[in-house]
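Peer 1: Requesting a structural model of the entry that follows:
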Amino acid sequence: MPSNHHQLPEDQTLPMERSEEEYEVITSEEVDRILDGLDALIASTQSENIRMFLEEAADNIFSLVYTEDSASDDADQEEAA
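Peer 2: Numbering: from 1, shown residues only. Model prediction:
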């Protein structure tokens with residue numbers, strides 16, 4: 001069984017922000033690209049458990065730049081086109 005080098009010890013967490021003055025800019029283009037990749041991965045995943053984790057990750061990534069209101073506005077614009 002391969003070792004997982006990406007796991008953190010149970011008592012260690014990664015900080016979401018380094019300081020109040022620093023923040024990461026995340027573009028909607030990057031989020032869209034990542035979501036497209038996750039959607040393809042989800043579609044090719046047989047395990048329901050893994051698919052659930054991938055869908056949760058996609059939802060969390062989506063919420064980094066989009067709100068539910070903007071998502072419904074985007075869908076309305078696509079339908080009108």
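
Peer 1: what about stretch 34-42, average pLDDT?
Peer 2: For stretch 34-42, the mean pLDDT works out to 97.

Peer 1: ok, and the closest non-adjacent residue to Thr27?
Peer 2: Excluding its sequence neighbours, the residue lying closest to Thr27 (Cβ to Cβ, 6 or more residues apart in numbering) is Val65, at 7.4 Å. C-beta coordinates here come from the backbone N, C-alpha and C atoms, glycine included.

Peer 1: now this structure, which segments are flagged as low pLDDT?
Peer 2: Within the chain, the stretches with pLDDT under 70 are 1-21, 68-81.

Peer 1: repeat that for 50
Peer 2: For the chain, residues meeting the criterion pLDDT under 50 lie at 1-2, 5, 8.

Peer 1: ok, now how distant is Arg51 from Ala57?
Peer 2: Distance check for Arg51 against Ala57: by Cβ to Cβ, to the nearest Å, it reads 11 Å.

Peer 1: so which strand or helix has the residue nearest to Thr27?
Peer 2: Following DSSP states H and E, there is no helix or strand that holds Val65.

Peer 1: residues touching it, list them.
Peer 2: Residues near Val65 by Cβ atoms under 8 Å, 6 or more residues apart in numbering: Ile26, Thr27, Ser28, Val31.

Peer 1: ok, now Ile61?
Peer 2: Val31, Ile34, Leu35, Leu38.

Peer 1: run the last query once more with 6 Å
Peer 2: With contact taken as Cβ atoms under 6 Å, 6 or more residues apart in numbering, Ile61 is in contact with Val31, Ile34.

Peer 1: just the one 3 residues further on next, same as before
Peer 2: Taking Cβ under 6 Å, 6+ apart as the definition of contact, the neighbours of Leu64 are Ile26.
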